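>>> Got a sequence here, can you model it:
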Amino acid sequence: MIVLHNDFKTIQFALFFVDVDDKKYAVHRFMLPKLMSATTKSYPTRQKLNQKMEELYGAYIKVRTERMANLSVMSLVLTCVDPNIVKDDSLLDQALALFHEVIEEERIFNEDVFNDEKRMLIEQWETLKDKKRAYAREQFLHHFFGDDLYAYPISGTLRDIKKLKLEDVESYYKDMITNQVKYIVINGRTDQLDLGHIESMLGKTKALNIPFVTTFREPREVTYVTENTKMQQAIVRMGYILKIYRHDKLYDAAVLLDTILGGYPESRLFKIIREQEGLCYDIASGYDYYKGVMMISSGIDVSKLDHALKQIEALVEQLKNEGITELELSHAKAYYIHQLKTSLDSQSTLTKRAFVRDMLHYHESVEDKISLIQRVTLDDVNQAAKMLVYDTCYVLKGEDHD
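Sure, this is the predicted structure:
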C-alpha cells in the first residue's frame, strides 16, 4: 500500500488493477470499471448509489482503463472530503465500506446496467463515422500501429462488444480480483487513518510480476492513406518513429523536443503553421514514451491541404537538420518545469504518479527531476530530433469544391 501524506481538502483511495494487454479481454477491462462503480450490493441501482454518494458529502468514484506499453491498467479512485472539515467521524468508515462493496469478490452486477453500458458502447461504434475526429484517430492508429496491440481499440471492437455476455464479465472479474496485480494508493491527510483497517477492507497490494516491455517496430517507407467523407475540412494525423523510451537517457530531451515541435502555444507548429502561415485551424504534437513515437494532429482547410502537409513535413525536416535554438530550449524547459510544479497541486496526478513510480521503480524526487531537465543540452535535443523518422500520414478529408 502506497501512502501519501498531503494537505488536501479531500482524501483519495485508489485501486489500480494491472494485467498484460490482451485483445481477448479488452472489452472486459473497458466495461468492468463502469459496472463496478455503477451499483453495489447495498445500492443496486445507479440512483441509489448516487444518493449514497451525495450523503457522503458529494463523494465520487472516477474510473479509467488505459494502456501503458504492454500492460492494461484499470483504475478506480474514490474521493471524499476530509472528515475533519465536515466534523463527521463516521465518514471514512462509510466511504471505505462502500468502496469495499465495489471490489467485493462475490459481487453480482446489475444486468440492466450491463445492457445499458453495452448498448451505449455499441451506439458509439455504430456512429463513429459521424464523429470525424474520433474516427480519424481510430483509423490512424490502425494504419500506424498495424499488428501492434496499440492499434486494437481499448474498448474492444464492435464485434467484441456485441458478443459480450454478463457472465463473461463476471467470470473475468472474479479472476481479476483474486489473481491480478493490484496497487493501492491513499492520498490526503493520512495521519488520521487506520491503515491496518484500510488494508483489511481493500486487500493487500500485489506487486507487478509481469515484464514491462517498451518496444515498437522499425520505421518503414512512408505510408500515405487518404479517406474521403462529407465535411468542410481535412483531419490530418502524422506518425513519426522516435525510438526513445521512458527509461532512456534522452527521455527528457524527447519531451522537450515534443514541446518545441508542437506541445505548447510557443511551439513551431503552432506559431508557424497555424499563426504565421494560417494553414490550419489547430495543430499539436504528442510524444508517447511507452511506444517511442511522436504524433502530429491537425485540422486543415481542404483547399490548403496539400500545401499544409508539405509545410509541416518541411518544418520537421528543418528542425531535424538545423536543430533548435538556445531560446527555444530555455522556454521549453521553463514550461516543462512549470507543468511539473503545477502538477504538485493536483491530488489525482500525485495519486497516479505514485502508482506508476512504485510499479516501475522510478525513485527520482521532484527536485531530482527538475535538475535532470535543467541539465538537458542543446545537443541532447538535437540528437533526439535527428532520430525522428516519418512513417505514416493519414488524412480524412471532405471534398474540395473549388
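
>>> Who are the packing partners of the helix or strand of the chain with the lowest mean pLDDT?
None of the helices or strands of the chain scores lower by mean pLDDT, DSSP states H and E than helix 195-202, at a mean of 88. Secondary-structure packing of helix 195-202 (3 or more Cβ pairs under 8 Å, 6 or more residues apart in numbering; DSSP states H and E): strand 10-20, helix 91-102, strand 181-188. (Glycine included, C-beta is placed from N, CA and C.)

>>> Residue 36: which of those is closest?
helix 91-102 (5.3 Å; Cβ to Cβ).

>>> can you pull the buried residues of the closest one?
91-92, 94-96, 98-99, 101-102 (16 or more other Cβ atoms under 10 Å).

>>> From those, pick the one nearest residue 163.
Closest to residue 163, out of all of the buried residues of helix 91-102 and judged by Cβ to Cβ, is residue 102, at 26.3 Å.

>>> From residue 95, how far off is the closest one?
11 Å (Cβ to Cβ, to the nearest Å).

>>> pLDDT on stretch 379-388, on average?
Per-residue pLDDT values across stretch 379-388 average out to 98.

>>> returning to what we had before: of the helices and strands packed on helix 195-202, which is nearest residue 35?
Among the helices and strands packed on helix 195-202, helix 91-102 comes nearest to residue 35, with 10.0 Å by Cβ to Cβ.

>>> just checking, what packs against that closest one?
strand 10-20, strand 71-81, helix 195-202.

>>> tell me the secondary structure for residue 272?
On the three-state scheme (DSSP: H, G, I helix; E, B strand; the rest coil), residue 272 is labelled helix.

>>> so who does it touch?
311, 315 (Cβ atoms under 8 Å, 6 or more residues apart in numbering).

>>> how far away is it from residue 319?
11 Å.

>>> try residue 218
According to Cβ to Cβ, residue 218 and residue 319 sit 22 Å apart.

>>> which of those two has more neighbours?
The residue with more neighbours, out of residue 218 and residue 319, is residue 319; 21 against 8, by other Cβ atoms under 10 Å.

>>> OK, contacts around that one?
Contacts of residue 319 (Cβ under 8 Å, 6+ apart): 260-261, 268, 385.

>>> for residue 304, same thing?
Here residue 304 is in contact with 279-280 (Cβ under 8 Å, 6+ apart).

>>> how close does residue 38 get to residue 101?
Distance of residue 38 to residue 101, given as Cβ to Cβ: 12 Å.

>>> related to what we said a few turns ago, which of the contacts of residue 319 fall in helices?
268, 385 (DSSP state H).

>>> Excluding residues flanking it in the chain, which one is nearest residue 66?
Once flanking residues are discounted, residue 66 sits nearest to residue 73: 5.4 Å by Cβ to Cβ, 6 or more residues apart in numbering.

>>> Let me see the confidence value for that neighbour.
97.

>>> For the residue nearest to the spatial centre of the chain, which three-state class applies?
With distances taken as Cα atoms, centre = their mean, residue 66 lies nearest the centre of the chain, 5.7 Å away. Secondary structure, three-state DSSP: residue 66 is strand.

>>> still on that earlier bit, any chance of the helices and strands packed on helix 91-102 in TSV, plus mean neighbour count and distance to residue 302?
Converted to TSV, the helices and strands packed on helix 91-102 look like this (neighbours: other Cβ atoms under 10 Å; distance: least, Cβ to Cβ, whole Å):
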stretch	mean neighbour count	distance to residue 302
strand 10-20	22	42
strand 71-81	21	38
helix 195-202	14	53
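
>>> Quick check, residue 60 in contact with residue 50.
No. Contact criterion Cβ atoms under 8 Å: residue 60 and residue 50 do not qualify, at 9.2 Å.

>>> Return the distance of the residue nearest to the centre of the chain relative to residue 150.
Counting by Cβ to Cβ, the gap from residue 66 to residue 150 is 12 Å.

>>> now residue 201
Applying Cβ to Cβ to residue 201 and residue 150 gives a distance of 36 Å.
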